[in-house]
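**Q** Mind folding the following:
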Amino acid sequence: MKKLKNIPTLKDDDGFKIIMSYFDPKEYSKKNFLDFYIHGLSDDTYELKMPLPPHRQTNHSIILVTEGSIVAGAGFDHYTVDQNMIIVVPAGQITSLSFMSEDIEGFYLHFSDNYLSHTKNDLSDWLIRPVIKLEKEDSEHLIVLLKRMQKLNESEANADIIKFYLTTFLAEMTRSFDFRKRVNFSAHERLVMEFKRLLNYHVTKNKSVGFYASQLNVTPNHLNKSVKSTLDKSASDLINEMLILEAKVLMQNNNMSIGEVAFEIGFEDVSYFGRFFKKHTGYAPTEYRKMIELSE
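**A** So this is what the prediction gives:
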């Protein structure tokens, strides 16, 4: 995975622990933590710092909610995930967590590409629609697998067995009715998925629709039509949304001036960046930063 400079990347166990206000050192210091980890959302072995700001993880992450609800970000959008719903965030995606109810129950797990390198697991289908609603029977099947993986993960000697359970779990997810009814993505949707993937890596250096159309071997007009038909937005809208998201994340770092933030995301003119930011958020960059400080 290419290292991404702009948005904080939680790439190791210490990085993951930064988002916790409390954690059990024994539970969260296992050798296989980077490759695979699972915990219950109501476990008393950790406590998250809320709200969890936008960041990237180098691992794939999955949350299944069995009781209560969360509000999670995946890419540009935020989703309410409640009972018998699952959200999948592929590695490299921007993610966040703005709300978790007190009665939350369910599971969180993450795993690396290398962990299942012996299989062909493509999670790109989740880029456009990361949330599915599970039928009760499907949810029960997945919970059995999750509980078994959680138990096996108590010993690092069980890594090979966990891989088989995880492979089965991923296959079962795609058998759910809600997933199967939308699995046959159109050509437009596939193109938008690839466009979103490219934005993650190039948006601070390349802001023109023409660049992405060239990378995708289509015309700018065709890319615009695909985005419009899939998301009811233009390709330029997505580029601007990603730039604003990058800027908002960087402004959480008080050691960076507004000018440095602007330069980091590819704006050489700080005044123009200020107008751009206010146009799309309703706030001047300095006003937005003050809002962050007041909320801390």
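**Q** Tell me, how many residues neighbour residue 87?
**A** When neighbours are counted by other CB atoms under 10 Å, residue 87 registers 21. Just so you know, the C-beta spots here come from the backbone N, C-alpha and C atoms, and that holds for glycine as well.
**Q** and it, what does it touch?
**A** Taking CB atoms under 8 Å, 6 or more residues apart in numbering as the contact definition, residue 87 lies against 62, 63, 72, 74, 79, 81, 130, 131.
**Q** Quick check: it is in a helix.
**A** No. Note on residue 87: no helix contains this position according to DSSP: H, G, I helix; E, B strand; the rest coil, which reports strand.
**Q** quick one: it and residue 100, what's the gap?
**A** Residue 87 sits 13 Å away from residue 100 when distances are taken as CB to CB, to the nearest Å.
**Q** can you list the weak-confidence ranges in the stretch 1-150 of the chain?
**A** By pLDDT under 70, the weakly predicted segments of the stretch 1-150 of the chain are 1-18.
**Q** before we move on, the earlier item: neighbour count for the contacts of residue 87 - can I get that in TSV?
**A** Output for those, formatted as TSV (neighbours: other CB atoms under 10 Å):
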residue	neighbour count
62	24
63	23
72	24
74	23
79	14
81	23
130	23
131	17
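**Q** Closest one to residue 212 out of the residues you listed, please.
**A** Comparing these against residue 212 with CB to CB picks out residue 74 as the nearest, at 20.0 Å.
**Q** How about the contacts made by that closest one?
**A** Residue 74 touches 87, 89, 93, 94, 95, 130, 131, counting by CB under 8 Å, 6+ apart.
**Q** give me the element the residue nearest the centre of the chain is part of.
**A** In the chain, the C-alpha nearest the mean C-alpha coordinate belongs to residue 95, at 3.2 Å (CA atoms, centre = their mean). Using DSSP states H and E, residue 95 maps to strand 94-100.
**Q** Give me the sheet partners of that strand and which way each runs.
**A** The strands beside strand 94-100 in its sheet (DSSP bridges) come out as strand 52-57 (antiparallel), strand 69-74 (antiparallel).
**Q** Kindly present the ones you listed as CSV, with separate columns for distance to residue 158.
**A** Rendered in CSV, the data for the strands paired with strand 94-100 read as follows (distance: least, CB to CB, whole Å):
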stretch, distance to residue 158
strand 52-57, 23
strand 69-74, 28
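**Q** nearest to residue 168, of those?
**A** For residue 168, the closest of the strands paired with strand 94-100 is strand 52-57, at 23.0 Å, according to CB to CB.
**Q** Quick one: name whatever helix or strand follows that closest one.
**A** Read in the C-terminal direction, the helix or strand following strand 52-57 is strand 60-67, with elements assigned using DSSP H and E.
**Q** List the buried residues in that next one.
**A** The neighbour-count criterion (16 or more other CB atoms under 10 Å) identifies 60, 61, 62, 63, 64, 65, 66 as the buried residues of strand 60-67.
**Q** picking up where we left off before, closest to residue 19 out of the strands paired with strand 94-100?
**A** Smallest distance to residue 19 across those (CB to CB): 5.5 Å, for strand 52-57.
**Q** Now do the closest one: distance to the chain's middle.
**A** Relative to the centre of its chain, strand 52-57 is centred 7 Å away, using CA atoms, centre = their mean, to the nearest Å.
**Q** Can you check what angle separates that strand from strand 85-89?
**A** Strand 52-57 runs at 60 degrees relative to strand 85-89, counting by axes from the mean of the first three to the mean of the last three CA atoms, to 10 degrees.
**Q** which outside residues touch the helix or strand following the strand holding residue 95?
**A** Counting by DSSP H and E, the next helix or strand C-terminal to strand 94-100 is strand 105-111. With contacts defined as CB under 8 Å, 6+ apart, strand 105-111 is touched by 35-42, 57, 59-68, 143, 146, 149-150, 166.
**Q** need the strands for the stretch 101-250 of the chain, in chain order.
**A** Listed from the start of the chain, the stretch 101-250 of the chain has strands (DSSP state E, counting those that start in this stretch) covering 105-111, 131-133.
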